[in-house]
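Asker: Here is my input; please provide its structure:
(one chain, ligands or ions: 1)
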Amino acid sequence: MKIAVFSTNQYDEDFLNQYNTGHQITFFKVSLSEESAVLAAGFEVICIFVNDVLNKVILDKLQQSGLKLVVLRCAGFNNVDVQYAEELQIPVLRVPAYSPEAVAEHAMALILTLNRKTHKAYNRVREGNFSLEKLMGINLNLRKVAVIGTGNIGQAFCRILKGFGCEIKAHDPFPSQEMQQLGVKYGSLEETLDGADIISLHCPLTADTHYLINEQRLKSIKPSAMLINTSRGGLVDTKSVILALKSGVIGSLGLDVYEQESDFFFHDFSESIIADEQLSQLISFPNVLITGHQGFLTQEALTEIAKVTFGNIDAFQSGAPLVNRIEMLR
Ligand code: NAI
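Answerer: You can find the predicted model right below:
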């Protein structure tokens, strides 16, 4: 099939070329938007990622120019109007669980770095400064961690936390028996957040979870708690979080995702001024660590993404059941 792949980096091209099952692929570095949608004219399949936009306007345009299938190279699908695509009879398929460990391990990397300040120690030692001032952390052993969302990634994260000896509290509308057997205690969102030393978000971004961490909720968390978001930027009201960081309500913040990330993430702005006051402010805070949506970036995850993506396209082409069709989840 003729596939237009948007938002590509070199690693996308490398892995997709390696696992291509015989399709005609064209790579576009730009993200899919109302402006760039014209590039997809004449393609039967579009392959998109987290910050590509697929709304009604774009879907209408692309359907007229021959679009038959949408494949996401990711699990989250908040950026796609799936319902409208289905109305147009364009199936939307995703990669539901390419490597939950990749993201869970990245969440733990953010925690360990923020807590033990290895990023600061690294810079100090390179300049011959072996002072330990302001590098003190806490033991993670026996600390209370709130895990919001215990799907594939949340569960992998809980298993890691277990190894560190943490006390794990979780909130999920569908508690996992396996996690309960592991010792995870489920409760309401409020009960789960209450008293947590670390809060880590692993639920999808939906209308219900938008601004899950907001001004009101921040009032009830343990002062100086650490907040980690590797899920989607819109789960967190950035403005309120900045105020909470300034007042010490949040002790530290680790983000792999950001509300307005589509304007910046995956691109090099090192020679420009970041035209986003909130992002610039967060970057300047000593207790904030931001990575540019790299949770998924492991060899295992990229291999799985490529294999499942072509599996999805092959299934559509051959008329096999579309097991990763998002509509089937509803
Ligand atoms: P999943 O679908 O396996 O699990 C999501 C869990 O969240 C489910 O158990 C669901 O019941 C729960 N949930 C739904 N609404 C909730 C709510 N209101 N409160 C608490 N829990 C709720 O998804 P998976 O694979 O674990 O991914 C989670 C999220 O991680 C994705 O939606 C995506 O946004 C993000 N992600 C981030 C990546 C990165 O590179 N940083 C890569 C992959 C995913």
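
Asker: ok, Lys117 - contacts?
Answerer: Contacts for Lys117 (CB atoms under 8 Å, 6 or more residues apart in numbering) come out as Lys134, Leu135, Gly137. Just so you know, the C-beta spots here come from the backbone N, C-alpha and C atoms, and that holds for glycine as well.

Asker: Say whether the ligand is contacted by stretch 290-304.
Answerer: Yes: Stretch 290-304 comes into contact with the ligand (CB under 6 Å from any ligand atom), by way of His293, Gly295, Phe296.

Asker: what does the model give the nearest residue to the first one once chain neighbours are set aside for pLDDT?
Answerer: Translated: His293. Leaving aside its chain neighbours, His293 sits nearest to Phe265 (4.8 Å; criterion: CB to CB, 6 or more residues apart in numbering). In this model, Phe265 is scored at 92, pLDDT.

Asker: pretty sure Phe265 contacts Glu259?
Answerer: No: using CB atoms under 8 Å, Phe265 makes no contact with Glu259, being 11.1 Å away.

Asker: Distance check, the residue most central in space within the chain against the ligand.
Answerer: Residue closest to the mean C-alpha point of the chain, counted by CA atoms, centre = their mean, is Ser231 at 3.7 Å. Here Ser231 is placed at a distance of 4 Å from the ligand (CB to the nearest ligand atom, to the nearest Å).

Asker: Dihedrals phi and psi, that residue?
Answerer: phi -100, psi -80 (degrees, to the nearest 10).

Asker: Report pLDDT for the nearest residue to it once chain neighbours are set aside.
Answerer: If the residues on either side of it in the chain are set aside, Ser231 comes closest to Leu201, at 4.7 Å by CB to CB, 6+ apart. You'll see Leu201 listed with a pLDDT of 98.

Asker: right, and Ser240 touches Asn214 too?
Answerer: Yes: in this structure Ser240 lies within contact range of Asn214 using CB under 8 Å: 5.7 Å.

Asker: buried set for the helix or strand harbouring Gly154?
Answerer: Element membership for Gly154 (DSSP states H and E) is helix 152-163. Buried residues in helix 152-163, counting neighbours by 16 or more other CB atoms under 10 Å, are found at Asn152, Ile153, Gly154, Gln155, Ala156, Phe157, Cys158, Arg159, Leu161.

Asker: Kindly report the same for stretch 309-320.
Answerer: Quick answer for stretch 309-320 (16+ other CB under 10 Å): Thr309, Phe310, Gly311, Asn312, Ile313, Ala315, Phe316, Gln317.

Asker: For it, give me every contacting residue.
Answerer: With CB under 8 Å, 6+ apart as the criterion, stretch 309-320 contacts 1, 3, 16, 19-21, 23, 45, 47, 68-69, 71, 73, 91, 93-95, 321-324.

Asker: Now restrict the residues you listed to buried residues only.
Answerer: Counted by 16+ other CB under 10 Å, the contacts of stretch 309-320 give 3, 16, 19, 23, 45, 47, 68-69, 71, 73, 91, 93-95, 322, 324 as buried.

Asker: And those, which is closest to the ligand?
Answerer: Val95 (8.9 Å; CB to the nearest ligand atom).

Asker: on that earlier part again, now, which of the residues of stretch 290-304 next to the ligand lie within strands?
Answerer: Among the residues of stretch 290-304 next to the ligand, no residue falls in strands (DSSP state E).

Asker: Ser240 and Asn214 - which one has more neighbours?
Answerer: Ser240 (19 against 15; other CB atoms under 10 Å).

Asker: tell me the pLDDT at the more buried one?
Answerer: 98.
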